[in-house]
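# Sharing a sequence plus its predicted fold:
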Amino acid sequence: MAEVVVLESETDAGILAAASIRRLISQKPDAVLGLATGSTPMSTYRALAESLRADPLDVSRVRGFALDEYVGLPAGHPESYRAVITRDAVEPLGLTPGNIRVPNGDLATLETAGSDYEAAIRAAGGVDVQILGIGRTGHVGFNEPGSSFASLTRVKTLTEKTRIDNARFFMSPDDVPIHCLTQGLGTIRRARHLILLAFGEEKAEAIAGAIEGPVTSSSPGSVIQLHPHVTVLVDEAAASRLTNLDYYRYAYANKPAWQVV
């Protein structure tokens, strides 16, 4: 069962997630982070950056793998996930740019891009902690409904709903790519710790499906039920449709002191 922690705000969730990541880096200076993009992980990146400024920790050896990348965007495009990860995580956290990998969405090398990325993750020893968001369709990474739980990094076609959700980052909805490269659900399952964050009422249905619904490819986020170490950090709105909400609150309030997120 995932540990579900209901917090008052995104800021509180970010602080808790950042503390967990900082603790990992202090114990393993060359830790491998799975880096998500979008608005959801921003509170985590901000809190971790603030923590590192207030109490410096050597992060020069930390390695990272982005969850996904659009296919076919020109090099240097401001909404490529290479650019977003650099802007939102690498620079604020002071990570070494050469240690951070993003799937290669170049059309010229697309045929082998997925297997190349899988090989790079394996060569790094696997991901220690994977930061995740969840879409309204229940997707994690860009694993849309119907994705296999055994899937590895590959090309996927984005749903219209996902493209509409991501249009806010582009000049026009038509500019949102139709295809992407994404870590598969099987790839994500290999990470040693998953931290899933979700905020707002619009994520409530997806969160309920991921935590309490049937394990089904129709709800890709439900893959977390197959993982031995999952932490779900949500605000009140995102938690509003959870049937066992009272139990999650009770369990967290009575958590043993030696257990940490």
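It's in.
# show me the contacts for the closest residue to E201 other than its chain neighbours.
Spatial nearest neighbour of E201, chain neighbours left out: A237 (4.4 Å); criterion: C-beta to C-beta, 6 or more residues apart in numbering. For the C-beta atoms, the positions are set from N, CA and C on the backbone; glycine is no exception. By C-beta atoms under 8 Å, 6 or more residues apart in numbering, the contact list for A237 reads F199, G200, E201, K203, A204.
# Now do the helix or strand of the chain with the lowest mean pLDDT: distance to the chain's middle.
Within the chain, no helix or strand scores below helix 160-166, which has a mean of 86 by mean pLDDT, DSSP states H and E. Taking C-alpha atoms, centre = their mean, to the nearest Å, one finds helix 160-166 lying 18 Å from the centre of the chain it belongs to.
# got it, and stretch 34-49?
9 Å.
# Number of residues surrounding the residue lying closest to Q225 once chain neighbours are set aside?
The shortest distance from Q225 to any non-neighbouring residue, by C-beta to C-beta, 6+ apart, is to V215 (5.1 Å). Neighbours of V215 under the rule other C-beta atoms under 10 Å: 12.
# can you pull out the strands in the chain?
Applying DSSP state E to the chain gives strands spanning 3-7, 32-35, 63-66, 68-70, 100-101, 129-132, 154-157, 179-182, 193-198, 230-235.
# As a check, name the ranges of all helices in the stretch 151-261 of the chain.
Along the stretch 151-261 of the chain, counting by DSSP state H, counting those that start in this stretch, helices occupy 160-166, 185-189, 204-212, 245-253.
# Which one of the ones you listed lies nearest to E111?
helix 185-189 (18.0 Å; C-beta to C-beta).
# Could you dump the strands of the chain into CSV with mean pLDDT, distance to W258 and mean neighbour count added?
Output for the strands of the chain, formatted as CSV (pLDDT from 0 to 100; distance: least, C-beta to C-beta, whole Å; neighbours: other C-beta atoms under 10 Å):
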stretch, mean pLDDT, distance to W258, mean neighbour count
strand 3-7, 98, 14, 20
strand 32-35, 98, 24, 25
strand 63-66, 98, 28, 23
strand 68-70, 96, 35, 23
strand 100-101, 98, 33, 20
strand 129-132, 98, 19, 24
strand 154-157, 94, 40, 18
strand 179-182, 96, 36, 24
strand 193-198, 98, 17, 24
strand 230-235, 98, 16, 24
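# Can you redo these as a markdown table, where the extra columns are distance to L245?
Listed next are the strands of the chain as a markdown table, based on distance: least, C-beta to C-beta, whole Å:
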| stretch | distance to L245 |
| --- | --- |
| strand 3-7 | 7 |
| strand 32-35 | 27 |
| strand 63-66 | 32 |
| strand 68-70 | 30 |
| strand 100-101 | 37 |
| strand 129-132 | 20 |
| strand 154-157 | 32 |
| strand 179-182 | 30 |
| strand 193-198 | 14 |
| strand 230-235 | 10 |
